[in-house]
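*Asks:* with the sequence up front, the predicted model follows.
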Amino acid sequence: NKGKHEKVNYNKINLIFVGDLNKNKNIINSIKAANLLINKGYKISFDIVGQGPLEKDMRDLIIASNNQNSYKIHGYINDKNELLRLYRNADVFLMPSFHETFGLVYIEAMSQGLPVIYSEGQGIDGYFKDGEIGYSVNPREPEDIALKINNIINNYNVIYSNALNKVNDFNWQNIADRY
């Protein structure tokens with residue numbers, strides 16, 4: 001992706017979540033992790049894309065944290081260009097689901113150079129070395145999620161490059177060539 005560039009301001013972290021706002025996708029612990037980073041002095045901007053049954057709980061948690069300015073709730077986005085713009089503006093894709101199949105959304109994020117946070121033993125965990133394109137986390141532990149976001153930021157430009165390079169492994173032509 002030519003629209004993105006390497007990170008220079010390590011104190012500002014743009015997070016993005018794209019998915020259903022339900023218990024499984026774990027938006028609540030993602031917000032708790034972002035709040036932990038805010039409390040450590042990071043300037044967080046968190047774009048949340050999706051809708052679902054946890055929308056009210058999520059809004060209540062954001063209000064209770066008194067960090068409303070750090071969150072932008074977009075609802076469901078149908079416009080692919082708008083979604084692309086949000087991905088390209090982000091630094092880290094965050095979706096520590098409790099249960100996840102392969103999870104194409106992680107690959108979509110990587111295609112835009114986004115390091116990803118995913119859950120241990122779920123989705124894309126095991127396809128890459130930990131720290132290569134992002135980190136696996138314990139989805140029940142906001143502290144672990146916050147720590148791994150911090151780890152990404154500390155090694156951002158390498159992980160960003162890896163995400164862009166490794167996403168080619170999922171190009172259909174490359175998959176066909178391997179077989």
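*Replies:* Thanks, I have the structure now. Everything quoted here is computed from the prediction, not taken from an experiment.
*Asks:* pretty sure F17 sits against D47.
*Replies:* Yes: here F17 reaches D47: they are 7.4 Å apart, a contact under Cβ atoms under 8 Å. Every C-beta, even on glycine, is put in place using the N, C-alpha and C of the backbone.
*Asks:* give me the more crowded residue out of these two.
*Replies:* A count of neighbours by other Cβ atoms under 10 Å puts F17 above the other of F17 and D47, at 27 against 21.
*Asks:* how about that one, secondary structure?
*Replies:* Recorded secondary structure, F17: strand (DSSP: H, G, I helix; E, B strand; the rest coil).
*Asks:* that one and G123: what is the separation?
*Replies:* Plainly put, F17 is 14 Å away from G123 if you go by Cβ to Cβ, to the nearest Å.
*Asks:* and if you look at A64?
*Replies:* According to Cβ to Cβ, A64 and G123 sit 29 Å apart.
*Asks:* ok, E100 next?
*Replies:* Relative to G123, and taking Cβ to Cβ, E100 is found at 4 Å.
*Asks:* now the element after the helix or strand where I149 lies, going C-ward?
*Replies:* If you go by DSSP states H and E, I149 is part of helix 142-154. Downstream of helix 142-154, the first helix or strand assigned by DSSP H and E is helix 156-166.
*Asks:* quick check: I107 touching F170?
*Replies:* Yes: the criterion here is Cβ under 8 Å, and I107 meets it with F170 at 5.1 Å.
*Asks:* number of nearby residues for D60?
*Replies:* D60 - counted by other Cβ under 10 Å - has 11 other residues nearby.
*Asks:* what's the answer for D79, then?
*Replies:* Neighbour tally, D79, other Cβ under 10 Å: 8.
*Asks:* phi, psi of it?
*Replies:* phi -80, psi 110 (degrees, to the nearest 10).
*Asks:* ok, it to N35 distance?
*Replies:* Noted for D79: a distance of 29 Å to N35, by Cβ to Cβ.
*Asks:* contact partners for N89?
*Replies:* Contacts for N89 (Cβ atoms under 8 Å, 6 or more residues apart in numbering) come out as N14, I16, D47.
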